[in-house]
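J.: This is a predicted model, with the sequence first.
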Amino acid sequence: MSENVSNYNAENIQVLEGMEAVRKRPAMYIGDTGERGYHHLVYEVVDNSIDEALAGYCSLIDVIINPDGSLTVQDNGRGIPVDMHPVQHRPAIEVVLTVLHAGGKFDGSNYKVSGGLHGVGVSCVNALSDWMKVEVKRGGKIHEIEFSRGHVTKELSVIGECGDETGTKVTFFPDHTIFTCRAFKWETLCNRLRELAFLNKGVTIHFRDDEGETHHEETFHYEGGIDEFTEYLNANKKPLSPVIHFEGEREGTTGMVQAEVSFQYTDSYTTLEQTYCNNIHTIEGGTHLTGFRRALTSTINKYGVENKLIKEKDNITGEDMREGLTVIVSVKVPQPQFEGQTKTKLGNGEVDGIVAGIVADKLKTFLDENPAVAKIIIEKIQLACRAREAARAARESTRRKGVMDGLSLPGKLRDCSERDPAKTELFLVEGDSAGGSAQTGRDRATQAILPLRGKVLNVEKARIDRVLANQEIRTMITAIGCGFAEEWDISKARYHKIVIMTDADVDGAHIRTLLLTFFFRKMPELIEKGYVYLAQPPLYKVERKKKIEYILTDGDLTSKLLTLGLDDFEVKDKAGNVLDAGKARELLTLLAEIEATIKLLEERGFNAEALLADETSQGGGVSMLRKEIKSLEGFGYSAGDYFDGTLKSLLENVRVHGKQGLSIYRFKGLGEMDAEELYDTTMNPAKRHMLRVTMEDALAADRMFTLLMGDEVEPRRKFIEDNALNVRNLDF
Ligand code: 28F
């Protein structure tokens with residue numbers, strides 16, 4: 001993990017003209033030049049189409065990942081104006097695409113969706129793209145203009161007629177000399193496009209991936225807007241209330257502030273709060289959330305006391321009020337102020353009062369008109385309160401016994417000597433044998449070890465008192481040092497790296513998911529701060545001519561064996577031409593994929609050859625196999641060459657060649673490595689490969705936890721089925 005902290009101080013930031021400024025310091029404009037910044041480019045372009053939709057002129061947005069890796073966004077809005085700009089004496093479209101922050105503005109009539117980091121506009125995408133091509137249909141004509149790294153390469157020209165069609169189409173290919181990321185991720189874009197469709201009811205966003213092996217296609221359209229979002233998040237949870245929807249607007253100091261909330265109570269013990277400002281996911285919350293929370297607590301409390309459901313002495317907390325609550329808060333604010341570490345916390349003070357006012361009014365009416373639902377909600381809240389009290393009592397009593405008080409640490413913790421948390425790491429290790437090797441091999445100054453015995457509790461389905469009754473959980477809470485729930489204080493963290501180090505097998509994966517669920521649900525700030533990591537112990541130990549190499553994943557082993565297998569090995573296409581190394585690699589990888597897909601189909605009782613022959617057969621597996629067979633044609637081969645054994649023996653020969661003189665050992669668990677091996681491969685900061693857990697895909701993570709850890713079997717089966725196709729191990 002390289003923490004590259006780039007410090008910008010005002011003095012040495014030269015004011016560079018437009019595009020150069022962006023190319024010189026891209027991270028200042030789009031956050032970073034890794035995966036997040038790469039995908040941020042798409043959101044900047046899509047935001048312009050969403051703006052057109054918010055203004056009421058666009059109803060359909062197409063997003064396509066093209067075969068060459070470029071990405072197209074197209075809308076059926078009015079089309080960017082192409083007339084000469086009165087001041088700049090250039091076409092308006094050129095101004096919008098090359099001048100920073102040109103484009104929509106806050107004139108009170110509409111809200112440009114972007115703000116803060118998000119408001120940089122499409123001109124930044126232009127500057128950071130190898131090339132960008134823009135096509136506008138407007139005034140009966142099709143206009144086109146092209147750029148490279150922000151500079152015009154093909155002047156605006158008319159290339160055709162389009163009748164009364166209007167719209168804008170932007171295609172761009174990010175500049176790989178700027179970005180470390182190389183490709184768009186289907187799942188990442190899906191999450192954001194789905195979110196935008198929920199937040200902008202009625203807009204249709206059609207997304208297609210024409211690049212990958214597996215064709216993906218999805219359409220997002222929700223007439224129910226954020227109410228459907230609430231239902232989506234609550235899939236697989238038992239509802240205790242209907243989905244409740246409020247909206248309103250109040251005059252703010254910078255124009256009209258619009259607020260919309262949707263929420264529902266379920267039998268879950270967790271709280272899910274998704275908040276947005278101008279479509280930006282305010283992960284760190286802010287005044288719109290505090291306003292909602294305040295109104296919810298005060299209004300339910302007031303109703304409860306007036307209707308003799310709550311006694312004054314019940315000291316119900318805001319947290320109790322939100323157990324089992326899923327809520328979406330979406331506000332539209334002219335000139336939003338974004339604060340916090342990742343500029344995703346809404347700071348506008350007046351929004352707190354505006355949201356609280358709207359929610360309090362409408363919630364009071366709702367409770368008065370729905371006494372039965374009110375009663376169920378308040379009963380749930382009181383249960384939560386009693387459970388919290390019981391947990392506190394349990395903590396008090398154990399504290400008195402001195403087992404878990406702040407001073408004494410749990411016996412199993414092998415602490416480190418360094419006291420500065422910024423320099424220390426806590427390894428949560430599954431099982432005693434691994435714990436033993438980790439303790440022996442570690443760097444005692446900076447690395448602490450906490451061996452975890454047995455299964456950590458599944459907090460997804462356990463209420464707070466049961467969570468705290470679990471010994472493993474309590475030990476972890478004490479070791480981490482931040483306390484819990486109301487006593488939570490991140491500044492008390494005893495380590496700034498908490499590393500989950502479990503076996504790569506199913507058991508280890510289960511423990512890892514339980515720990516992640518626990519941190520995600522009960523200590524989310526640890527993840528927000530980037531303190532949580534996953535260790536990646538090697539899966540294989542490969543020995544060749546006395547040289548030992550550790551291999552991290554199945555994919556890496558496949559790649560290694562392929563390299564070895566193709567070393568001084570001739571591969572020919574159907575016509576007998578010898579393939580160069582790259583093409584040979586491509587063919588062999590394709591053969592391994594075909595073999596894996598056929599294996600998957602046969603495991604499900606299908607005969608792959610018969611399926612292929614039957615044009616009418618459908619399904620993920622056979623369509624993937626068709627794609628792969630089609631790619632074979634690029635080498636002159638056909639399905640017959642595969643099924644008659646020619647290609648199968650080529651694959652086998654490469655495998656045998658690659659494994660000559662090689663011994664491959666698959667680790668079954670951490671415990672098999674001796675202390676030095678475990679340290680050198682997995683703990684040594686100079687050599688390890690750790691993965692940092694981020695909140696970025698919190699929505700996807702939350703849904704995964706809910707589906708995988710919830711009670712209902714059907715949604716879990718479907719989730720695993722849908723993902724099984726992607727989890728295929730190609731082996732060489
Ligand atoms: C695929 C990305 O960028 N769509 C856009 C429009 C429409 C207008 C516009 C955009 C007015 C002068 C600032 C048209 N007619 N999709 C897009 N659609 N920008 S971007 O105007 C830009 C502003 O400069 C538009 C009348 N008003 C606005």
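T.: Thanks, I have the structure now.
J.: What count of nearby residues applies to Glu652?
T.: 13 (other CB atoms under 10 Å). Just so you know, the C-beta spots here come from the backbone N, C-alpha and C atoms, and that holds for glycine as well.
J.: Helix, strand, or coil at it?
T.: With DSSP: H, G, I helix; E, B strand; the rest coil as the basis, Glu652 sits in helix.
J.: how far away is it from Ala584?
T.: Going from Glu652 to Ala584 by CB to CB, to the nearest Å gives 15 Å.
J.: now the strands for the stretch 351-500 of the chain?
T.: Ranges of strands in the stretch 351-500 of the chain, per DSSP state E, counting those that start in this stretch, are 425-430, 447-452, 497-501.
J.: What segments of the stretch 1-150 of the chain are helices?
T.: Assigned by DSSP state H, counting those that start in this stretch, the stretch 1-150 of the chain shows helices spanning 18-24, 26-30, 35-54, 92-98, 122-127.
J.: So which elements touch the last one?
T.: Secondary-structure packing of helix 122-127 (3 or more CB pairs under 8 Å, 6 or more residues apart in numbering; DSSP states H and E): helix 18-24, helix 26-30, helix 35-54, helix 92-98, strand 167-174.
J.: what's in contact with the fourth one?
T.: Judged by CB atoms under 8 Å, 6 or more residues apart in numbering, the contacts made with helix 92-98 from elsewhere in the structure are 18-19, 80-85, 88, 102-103, 122-123, 126, 132, 134, 136, 143, 145, 147, 150-152, 156.
J.: In this protein, spot the helix with the most residues.
T.: Using DSSP state H, we find that the single longest helix of the chain is helix 371-400.
J.: distance of Thr33 from the ligand?
T.: Using CB to the nearest ligand atom, to the nearest Å, one obtains 22 Å as the distance from Thr33 to the ligand.
J.: mind listing what that residue touches?
T.: Shown in contact with Thr33 (CB under 8 Å, 6+ apart): 26-27, 178-181.
J.: For Gly669, find the nearest of the strands of the stretch 351-500 of the chain.
T.: Set against Gly669 and scored by CB to CB, those come closest in strand 425-430, at 8.4 Å.
J.: Just the CA trace of the closest one, in PDB.
T.: The C-alpha trace of strand 425-430 is given here as PDB (Å, rounded to 0.1, in the frame of the first residue of the first chain):
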ATOM      1  CA  GLU A 425      -0.800  -2.300  13.200                       C
ATOM      2  CA  LEU A 426      -3.200  -4.800  14.700                       C
ATOM      3  CA  PHE A 427      -3.400  -8.200  12.900                       C
ATOM      4  CA  LEU A 428      -6.700 -10.100  13.600                       C
ATOM      5  CA  VAL A 429      -5.600 -13.700  12.900                       C
ATOM      6  CA  GLU A 430      -7.800 -16.600  12.600                       C
END
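J.: can you list the residues that contact it?
T.: 416, 435, 438, 442, 446-452, 476, 479-480, 494-503, 507-508, 511, 515, 535, 670, 683.
J.: Drop anything exposed from these.
T.: Neighbour-count burial (16 or more other CB atoms under 10 Å) is assigned, among those, to 416, 435, 438, 442, 446-452, 476, 479-480, 494-503, 508, 511, 515, 535, 670, 683.
J.: quick check: mean pLDDT across the longest helix of the chain?
T.: The average pLDDT for helix 371-400 rounds to 85.
J.: and that helix, what other elements does it pack with?
T.: Where contact means 3+ CB pairs under 8 Å, 6+ apart, helix 371-400 is packed against strand 255-265, helix 287-306, helix 318-321, helix 464-469.
J.: go again using 7 Å as the cut-off
T.: helix 287-306, helix 318-321, helix 464-469 (3 or more CB pairs under 7 Å, 6 or more residues apart in numbering; DSSP states H and E).
J.: could you say what helices and strands the longest one packs with?
T.: What that stands for is helix 287-306. Judged by 3+ CB pairs under 7 Å, 6+ apart, the packing partners of helix 287-306 are strand 272-277, helix 318-321, strand 325-332, helix 349-369, helix 371-400.
J.: Could you find the closest non-adjacent residue to the residue in the chain that the ligand sits nearest to?
T.: Nearest to the ligand, among the residues of the chain, is Asn48, at 3.2 Å (CB to the nearest ligand atom). Once flanking residues are discounted, Asn48 sits nearest to Val122: 5.7 Å by CB to CB, 6 or more residues apart in numbering.
J.: so Gly167 bridges to which residues?
T.: Counting by DSSP bridges, Gly167 is bridged to Lys137.
J.: How many neighbouring residues does it have?
T.: 24.
J.: mind saving the C-alpha coords of stretch 656-670 as PDB?
T.: Extracted in PDB, the C-alpha atoms of stretch 656-670 (Å, rounded to 0.1, in the frame of the first residue of the first chain):
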ATOM      1  CA  VAL A 656       3.000 -29.700 -19.400                       C
ATOM      2  CA  HIS A 657       5.800 -27.500 -20.900                       C
ATOM      3  CA  GLY A 658       5.100 -24.800 -18.300                       C
ATOM      4  CA  LYS A 659       5.200 -27.200 -15.300                       C
ATOM      5  CA  GLN A 660       8.500 -28.800 -16.300                       C
ATOM      6  CA  GLY A 661      10.900 -28.800 -13.300                       C
ATOM      7  CA  LEU A 662       8.300 -26.900 -11.300                       C
ATOM      8  CA  SER A 663       6.900 -27.800  -8.000                       C
ATOM      9  CA  ILE A 664       3.700 -26.100  -6.900                       C
ATOM     10  CA  TYR A 665       2.500 -26.100  -3.400                       C
ATOM     11  CA  ARG A 666      -1.000 -24.800  -2.500                       C
ATOM     12  CA  PHE A 667      -1.200 -23.400   1.100                       C
ATOM     13  CA  LYS A 668      -4.200 -24.700   2.900                       C
ATOM     14  CA  GLY A 669      -4.000 -22.200   5.700                       C
ATOM     15  CA  LEU A 670      -1.800 -19.500   7.300                       C
END
